[in-house]
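Trainee: got a predicted structure plus its sequence, pasted below:
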Amino acid sequence: MRPHNRDGVAVDPVPFVVVFGLAALMLLSFGPLYGQAIGVSLSAALSASAGLTVVAAVIAYYRHIWTAQPAVTRGSSVRLRAERLFELMIILAVVFVGLAIPLVV
């Protein structure tokens, strides 16, 4: 089943799944740790992380499903998309390491 945008056109759900999955991974992995580091109870930190994950899901859905324009996004070349993917992988790795450093030190 393919989701449809606000115009009724079927869109690819993969960008939504990837963005939401990465956001959920970061929020649910680091949120409770940082919450406990600043003195919040574990249940409150988990609740806040789960709430932020829901917010991330809504934002990702709006951006990648509801307002998506499939005819516009198909115009980019494979090379450009691959370059952007590798750049984003490096940025994501740097963000994960940056988030983990304060917890180790």
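Mentor: Received the coordinates, thanks. Numbers count the residues shown, from 1 in each chain.

Trainee: average pLDDT across the lengthiest helix in the chain?
Mentor: Longest helix of the chain, by residue count under DSSP state H: helix 78-104. Regarding helix 78-104, the rounded mean pLDDT is 86.

Trainee: show me what that helix is packed up against.
Mentor: Judged by 3 or more CB pairs under 8 Å, 6 or more residues apart in numbering; DSSP states H and E, the packing partners of helix 78-104 are helix 14-37. From N, CA and C alone the C-beta is placed, and that goes for glycine too.

Trainee: what's in contact with the helix it packs on?
Mentor: With CB atoms under 8 Å, 6 or more residues apart in numbering as the test, helix 14-37 has contacts from 3, 42, 44-46, 48-50, 52-53, 56-57, 60-61, 63-65, 68, 92, 95-96, 99-100, 102-103.

Trainee: ok, and what's touching the next helix or strand after it?
Mentor: Counting by DSSP states H and E, the next helix or strand C-terminal to helix 14-37 is helix 42-61. Contacts of helix 42-61 with the rest of the structure, by CB under 8 Å, 6+ apart, involve 16, 19-20, 23-24, 27-28, 31-36, 40.

Trainee: before I go, just wanted to say thanks for your time.
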